[in-house]
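> When you get a sec, could you give me coordinates for this:
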Amino acid sequence: MSIVIKNLSYEHSDKTPLFHQVDLVLNKGEKANLIGANGTGKSTLLKLISTTSLPAIQLGGTAYYLPQINTNQITGQTIQEALQTDKKLQALHRILQGSVEEQDYIDLDDDWQIEENIAQALQYWQLEGKDLTLPMHQLSGGQQMRVYFASIHIHQPDILLLDEPTNHIDQATRQLLFDFLDQYRGTVLLVSHDIELLNRQSLTFEITTQGIQAYKGNYDFYKMQKQEELSSLQHRIDTLSKDLRQVKTDQQKLLQKQQKAVGQHKKAEQKGGLPKIVVNTLKNAAENSSAKSTEVQVEKQQKLQGELWELKDQLEQVKPFHLNFNSSNLHTNKVLFQVKEVNYQYESTADCIWSTPLNLEIRSGERLLIEGVNGSGKSTLLQLLAGKLQPTTGQVERLTPNIVYLDQFYALLDHHKTILEQAQAFNHNLLDEASLKNTLFQYGFRPESWTKPIMQLSGGECLRLTVCCLNLSLASIDVLLLDEPSNNLDIFGLESLYQALKTYQGTIVFVSHDMNLREAIQPNRVIEM
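Numbering: from 1, shown residues only. Next comes the predicted model:
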């Protein structure tokens with residue numbers, strides 16, 4: 001066995017449980033996904049496995065843990081330190097200069113080919129010629145990730161624990177990573193929202209607050225199995241609902257029978273055909289029998305009702321959530337934006353952001369991808385189109401009012417409001433309170449969540465609430481301006497977003513590194529900044 005976890009539970013410092021009684025087994029060479037909703041503990045579980053200090057976790061070999069990297073916060077580390085080769089290189093150089101210190105030989109650990117191994121790894125990850133003493137913060141985000149991948153290449157650990165490894169990387173690096181993992185002979189457990197990467201693994205584990213469930217296939221296989229579970233659950237609900245209706249019908253018939261029996265006893269007593277003592281005896285026997293029958297029927301109904309509520313609750317938790325943006329009613333090829341000689345200067349900079357002012361026309365029906373390196377002004381252009389920024393020079397003409405700007409932080413929402421307050425603020429169609437609350441329920445927000453502050457919502461919940469509020473306020477959306485909208489979403493939120501964008505009929509202008517999002521939108525024009 002490569003990774004064995006038995007009965008592992010974890011709770012936060014405030015005693016709030018994160019996950020409960022997790023059991024997981026991975027054999028040597030197996031490659032598995034770890035999926036789950038935001039906040040279920042995927043990253044925490046990877047980190048716990050990497051520490052190997054817990055009795056509930058056993059590892060059969062060396063492990064390399066690559067956490068989610070915030071490329072903007074890497075400071076004070078050189079390339080060779082990030083490669084975890086600095087001690088070996090320094091020891092090797094001292095030995096080659098004549099050192100006989102025992103510690104140098106311990107640090108080198110007989111790795112006399114370390115320089116050749118580093119060179120091969122840097123070449124594979126397209127970093128050849130890089131000065132190993134160069135600070136990491138001088139590299140781009142994609143280059144930083146390639147340095148960490150090169151470290152894996154050099155050390156060849158038995159177990160890889162990867163947390164969102166395709167963040168910050170371009171398509172070429174992504175393909176290098178896929179090829180490397182395909183050839184890697186060790187064990188892999190990874191967390192990712194990259195569907196193509198998830199589909200290249202042979203096992204999938206889904207973690208929830210109640211534990212972990214194994215599926216013997218890739219992500220598509222997992223989805224197929226979940227659909228079968230969903231169908232089975234729906235069938236059980238339909239069967240129980242039918243049984244419950246029958247019990248209610250039987251109960252009604254029993255009540256009518258009891259009322260008829262009481263009426264017959266009264267008639268018999270009035271006619272005087274039977275002695276009073278006999279009538280009373282029959283009456284009491286009938287009432288006792290009726291009471292017992294009624295009690296049995298009530299218990300049966302309550303039991304079925306309880307089971308039905310429980311199954312419906314399970315269904316709500318496992319069924320995929322479908323989002324939709326209200327589509328545009330505009331005909332295609334109508335001019336929506338005219339950008340004329342536009343440039344923008346931030347207060348903190350001496351010059352405008354673009355060396356040449358922008359001239360751009362965007363028409364209805366277009367799906368426009370904005371590309372460029374960090375700092376090239378992609379997000380600035382989106383904010384100028386949205387009217388959130390005013391150009392320093394030039395003019396932006398917006399020829400439709402129904403424009404929606406959606407970024408990774410869901411800035412459309414007021415994070416100090418509750419869910420219900422936010423919906424009320426966007427209730428431009430003046431729905432009555434019952435209809436408004438029913439709309440929230442349709443978007444997956446139950447009554448007990450309506451007072452929850454937005455700042456406590458996950459990325460997926462923020463996405464659902466944003467779409468809910470947009471559809472409350474706008475009958476149609478002519479333009480979607482999207483700035484990395486798939487960041488901060490779990491795999492389930494991503495699936496909902498992809499499907500919503502596939503079905504949306506309107507104009508989309510977007511910035512995204514997410515190849516799956518690009519595939520969902522299918523841009524018909526690209527602007528390079």
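
> Helix or strand, whichever it is, which one in this structure has the lowest mean pLDDT?
Lowest mean confidence among the helices and strands of the chain (mean pLDDT, DSSP states H and E): helix 276-318, at a mean of 67.

> I would like the residues contacting the helix or strand just after that helix, please.
Using DSSP states H and E, the helix or strand that follows helix 276-318 in sequence is strand 335-343. For strand 335-343, the external contacting residues (CB atoms under 8 Å, 6 or more residues apart in numbering) are 330, 352-354, 357-364, 384-385, 391-400, 478-479, 507. For glycine as for every other residue, the C-beta is placed from the backbone atoms N, C-alpha and C.

> Could you do stretch 125-141 as well?
Around stretch 125-141, the neighbours that count as contacts under CB under 8 Å, 6+ apart are 71-72, 74-83, 85, 89, 118-119, 122, 143-144, 146-147, 149-150, 153, 168-169, 172-173, 176, 373-374.

> Could you rerun that using 6 Å?
For stretch 125-141, contacts defined as CB atoms under 6 Å, 6 or more residues apart in numbering pick out 71, 74-75, 77-80, 82, 122, 144, 146, 149-150, 168.

> Now list the buried members of those.
Neighbour-count burial (16 or more other CB atoms under 10 Å) is assigned, among those, to 71, 74, 78, 79, 80, 82, 122, 144, 146, 149, 150, 168.

> Please flag which of the contacts of stretch 125-141 sit within strands.
Residues of those located in strands (DSSP state E): none.

> Can I get these in TSV including distance to residue 486 and pLDDT?
Shown next, in TSV, are the contacts of stretch 125-141 (distance: CB to CB, whole Å; pLDDT from 0 to 100):
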residue	distance to residue 486	pLDDT
71	17	66
74	23	73
75	27	72
77	28	89
78	32	92
79	30	94
80	34	91
82	27	93
122	30	95
144	21	91
146	22	93
149	22	96
150	27	97
168	13	79
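
> which two in those residues are spaced the farthest apart?
Comparing all pairs in the contacts of stretch 125-141 by CB to CB, the longest separation belongs to 75 and 122, at 21.8 Å.

> Which strands or helices does the helix ranked longest in the chain pack on?
The single longest helix within the chain, with elements called by DSSP state H, is helix 219-271. Other elements packing on helix 219-271 under the criterion 3 or more CB pairs under 6 Å, 6 or more residues apart in numbering; DSSP states H and E are helix 276-318.

> Please state the offset of the helix or strand in which residue 190 is found from the chain centre?
Counting by DSSP H and E, the element that carries residue 190 is strand 187-191. Relative to its chain's centre, strand 187-191 lies at 17 Å (CA atoms, centre = their mean, to the nearest Å).

> Just checking: what are the partner strands of that strand?
strand 31-35 (parallel), strand 159-163 (parallel) (DSSP bridges).

> residues of the very next helix or strand once past the last one that come out buried?
Stepping forward along the backbone from strand 159-163, the first helix or strand reached (DSSP H and E) is helix 171-183. Neighbour counts over helix 171-183 (16+ other CB under 10 Å) mark 173, 174, 176, 177, 181 as buried.

> can the strands paired with strand 187-191 go into CSV with extra columns for mean neighbour count and distance to residue 64?
Listed next are the strands paired with strand 187-191 as CSV, based on neighbours: other CB atoms under 10 Å; distance: least, CB to CB, whole Å:
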stretch, mean neighbour count, distance to residue 64
strand 31-35, 23, 14
strand 159-163, 22, 6
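
> Present these as TSV; the columns should include distance to residue 489 and mean pLDDT.
As requested, the strands paired with strand 187-191 are exported to TSV (distance: least, CB to CB, whole Å; pLDDT from 0 to 100):
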stretch	distance to residue 489	mean pLDDT
strand 31-35	13	97
strand 159-163	15	96
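
> Among those, which comes closest to residue 51?
Nearest of the strands paired with strand 187-191 (CB to CB): strand 159-163, 10.6 Å.

> Tell me where the protein is predicted with low confidence.
Along the chain, the parts satisfying pLDDT under 70 run over 71-73, 258, 261-294, 297, 314-320.

> Pop the domain breakdown of it in here.
According to the TED database, the chain comprises the domains 3-217, 227-316, 334-528.

> closest one to residue 324 among the ones you listed?
Of all the domains of the chain, domain 334-528 sits nearest to residue 324, with 5.5 Å by CB to CB.

> can you give me the end-to-end distance of that closest one?
End-to-end distance of domain 334-528: 23 Å, with CA to CA, to the nearest Å as the criterion.

> try stretch 159-172
Stretch 159-172 stretches 24 Å from its first residue to its last (CA to CA).

> what's the answer for stretch 157-171, then?
OK, stretch 157-171 end separation, CA to CA: 25 Å.

> The residue nearest to residue 95 when sequence neighbours are not counted and residue 118, how far apart?
The spatially closest residue to residue 95, leaving aside those adjacent along the chain, is residue 104, at 5.3 Å (CB to CB, 6 or more residues apart in numbering). From residue 104 across to residue 118, the span is 18 Å (CB to CB, to the nearest Å).

> The two: who's more crowded?
residue 118 (22 against 17; other CB atoms under 10 Å).

> Secondary structure class of the more buried one, three-state.
At residue 118, secondary structure determined by DSSP: H, G, I helix; E, B strand; the rest coil is helix.

> Then residue 193?
Counting by three-state DSSP, the backbone at residue 193 sits in coil.

> Pull the number of nearby residues for it.
Counted with other CB under 10 Å, residue 193 comes out at 22.

> Identify the residues contacting it.
491, 494.

> same question, residue 237
residue 311.

> Could you measure from it over to residue 389?
51 Å.

> again with residue 425
23 Å.

> With residue 20 instead?
47 Å.

> now residue 308
Distance from residue 308 to residue 389, by CB to CB: 53 Å.

> repeat for residue 372
17 Å.

> neighbour count winner among these two?
Each of residue 372 and residue 389 has its neighbours counted (other CB under 10 Å); residue 389 has more, 16 against 13.

> Let me know how buried the residue lying closest to that one once chain neighbours are set aside is, in neighbour terms.
For residue 389, ignoring the flanking residues on the chain, the nearest one in space by CB to CB, 6+ apart is residue 383 at 4.4 Å. Using other CB under 10 Å, residue 383 is surrounded by 18 other residues.

> after the helix or strand hosting residue 383, next one along is what?
Residue 383 belongs to helix 378-386 when assigned by DSSP H and E. Next along the chain after helix 378-386, taking DSSP H and E as the criterion, comes strand 393-398.

> relative to strand 335-343, how tilted is the next helix-or-strand element following that following strand?
Following strand 393-398 in sequence order, the next helix or strand is strand 403-407 (DSSP H and E). Counting by axes from the mean of the first three to the mean of the last three CA atoms, to 10 degrees, strand 403-407 lies at 60 degrees to strand 335-343.

> Give me the helices and strands touching strand 403-407, please.
Against strand 403-407 (3+ CB pairs under 6 Å, 6+ apart) you get strand 479-483.

> Can you name the element that comes right after the strand it packs on?
Downstream of strand 479-483 (by DSSP H and E), the next one is helix 491-503.

> Between strand 403-407 and the helix or strand following that next one, find me the angle.
Next along the chain after helix 491-503, taking DSSP H and E as the criterion, comes strand 507-511. Relative orientation of strand 507-511 versus strand 403-407 (the same axes, to 10 degrees): 30 degrees.

> what pairs with strand 507-511, and is each one parallel or antiparallel?
strand 367-371 (parallel), strand 479-483 (parallel).

> deepest of those, which one?
Ranked by mean neighbour count, the strands paired with strand 507-511 are led by strand 479-483 with a mean of 24 (mean count of other CB atoms under 10 Å).

> can you give me the angle that one makes with helix 491-503?
Here strand 479-483 runs at an angle of 150 degrees relative to helix 491-503 (the same axes, to 10 degrees).

> what about dumping the CA coordinates of strand 479-483 to PDB?
Provided in PDB are the C-alpha atoms of strand 479-483 (Å, rounded to 0.1, in the frame of the first residue of the first chain):
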ATOM      1  CA  VAL A 479     -23.400  41.500 -22.500                       C
ATOM      2  CA  LEU A 480     -21.500  39.400 -20.000                       C
ATOM      3  CA  LEU A 481     -18.100  40.900 -19.100                       C
ATOM      4  CA  LEU A 482     -16.200  38.100 -17.300                       C
ATOM      5  CA  ASP A 483     -12.900  38.500 -15.500                       C
END
